[in-house]
Structure formats: structure tokens, C-alpha cells
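>>> sequence and predicted structure are below.
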Amino acid sequence: MAFLLKRPSKRLLSSIIGLSSGLMIAIVTFELVPEAFMLGGMLQALLGLGIGAFGAALLDSFLSRLRYIQAHGGQGYIKTGILLGVGIALHNFPEGLAIGSGFVAQEGLGIGLAIVIALHNIPEGLAMVTPMRAGGYSSFKCLLITLIAGAPMGAGALFGAFIGEHAYRLIGSCLAFAGGTMLFITLGELIPKGKELDNSKISTFFAIIGFIFGILIAKRF
């Protein structure tokens, strides 16, 4: 999809960022958090959310001070894309754990989980790429960075396959932590950037559409 965004208008980018924001919030709300509650309990999940959000805030502050980001930040869009990439990478590791341990339990379960997670990762990748394209990164560079962000899923799957059924104790904490980072980035960075690109309410409308679509994905799969 990144390669289709050759010379996107600000309105198109604002729409895609809004759509991606809604999808991300829905995925965190209806998938990551409930799963974290189920696997680790409420206290562990809430703690993970808080630590994840605080960690994302520290990373945001660190990236803002980097000279490269200051020089090539594209009005802050590159930083938003990188932050989102870190959040997605953190999120991908526990998903990989689930796939790997799922294969150990039952091959059909592992395949099913892999397909569902692959479908869910499409809007996440789009959410990461769009601000980078708005900041001036090329399609190829965006694709490469997105592939790097996806790599922890492979590592998680390998680790999950080794530790098998014991992986589920770790997955809950990881999902809650990733959920906290993604909430902070979406609410603090992605939604404001969508509004900044286009002064109309188009990003808000698309965020609502994305949220509804995210619910349908969560409940369907």
C-alpha cells in the first residue's frame, strides 16, 4: 500500500491517518486489553498499560531531542511514524508468542492465529507508513522500516514454540504493555497529526469509520 501513495494530497493523508487511528484504538480496546485481562488479570493488565504509556512518553521525549529527527522530522511526522513503529514492534512480539505456542498446542490453531494476526497487521502497517510518507520518506524506505517493525513477530513465534504452553503467562503482560504504548502514540501523536494535515473534520469522520471497522474485525476474527 505504501507504494500506491506516490504523491498523496494532505486531505488523503489526513483521511488515512484518521482511519488508521480509529482502527488502532479499536484493536487496543477490543483485542489487546481484553486478551491481557484474560491472560494476566486486571491488575497486571492495568500495570502493563500504565508502564507502556509511560515508556512511550519517554521514547517520544528522547526522539524529539535527536538531531536526525530535528533535521529530517518532516514537521514531526517522521517521529510519529517511528514511535508507532516501536509500538507495533512491541505488539508484534507477544503476537508471535501466541502463534508459536499455538502451533505447539495444535497446528490448526497456530495457522488460524497467523492468518488473523496477518489481517490485523495491515491497518497497523498503514498507520505507521502514512505519517512517514507525509514527512517525506520514500515508499521503499517506508516498506523497509515496516518490515523491520514486523521482525519481532518471527522472534516471538520462535520463542513461543520453545516455551510452549508457558508462553501465555508472558503474553498477557506483553500485550498490555504494547497496548499502553499504542494508545499513547495514537491519542498523543497520530490523531493530532491527522487534524494538522487538514483543518476540516475529515480525519475525525474517518477515525470513527476506522473504529467501527476495527470492531467488526475484532468481533469477526
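Happy to help now that I have it.
>>> helices along the protein, start to end?
Assigned by DSSP state H, the chain shows helices spanning 10-27, 33-40, 42-65, 67-72, 77-105, 107-134, 139-163, 167-185, 191-197, 202-220.
>>> pLDDT-wise, which helix or strand of this protein ranks last?
Every helix and strand in the chain was compared by mean pLDDT, DSSP states H and E; the lowest is helix 67-72, with a mean of 56.
>>> low-confidence stretches in the protein?
Counting by pLDDT under 70, the chain contains low-confidence residues at 1-3, 5-8, 63-76, 105, 109, 116, 120, 164-169, 220-221.
>>> go ahead and flag the most central residue of it.
Centroid-nearest residue in the chain, with C-alpha atoms, centre = their mean: Ile88, separated by 3.7 Å.
>>> identify the residues contacting that one.
By C-beta atoms under 8 Å, 6 or more residues apart in numbering, the residues touching Ile88 are 121, 124-125, 128, 149-150, 182. C-betas here are computed from N, CA, C, even on glycine.
>>> again, only using 6 Å
Contacts for Ile88 (C-beta atoms under 6 Å, 6 or more residues apart in numbering) come out as 124, 128, 149.
>>> ok, for the first one, nearest residue in space, not its chain neighbours?
Spatial nearest neighbour of Glu124, chain neighbours left out: Ile88 (5.2 Å); criterion: C-beta to C-beta, 6 or more residues apart in numbering.
>>> kindly report the same for the second one.
Nearest residue to Met128 in three dimensions, chain neighbours excluded: Leu84, at 4.6 Å (C-beta to C-beta, 6+ apart).
>>> ok, the one you found touching Val129?
No. Using C-beta atoms under 6 Å, Leu84 is not in contact with Val129, being 9.2 Å away.
>>> which residues touch the residue nearest to Met128?
Leu84 neighbours (C-beta under 6 Å, 6+ apart): 127-128, 185.
>>> look up how far Glu107 lies from it.
Counting by C-beta to C-beta, to the nearest Å, the gap from Leu84 to Glu107 is 33 Å.
>>> redo the contacts of Ile88 as JSON lines? Include distance to Gly55 and neighbour count.
Converted to JSON lines, those look like this (distance: C-beta to C-beta, whole Å; neighbours: other C-beta atoms under 10 Å):
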{"residue": "Glu124", "distance to Gly55": "18", "neighbour count": "23"}
{"residue": "Met128", "distance to Gly55": "18", "neighbour count": "29"}
{"residue": "Ala149", "distance to Gly55": "16", "neighbour count": "24"}
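>>> columns distance to Thr80 on top of these, output as TSV?
TSV is the format used below for the contacts of Ile88 (distance: C-beta to C-beta, whole Å):
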residue	distance to Thr80
Glu124	14
Met128	9
Ala149	14
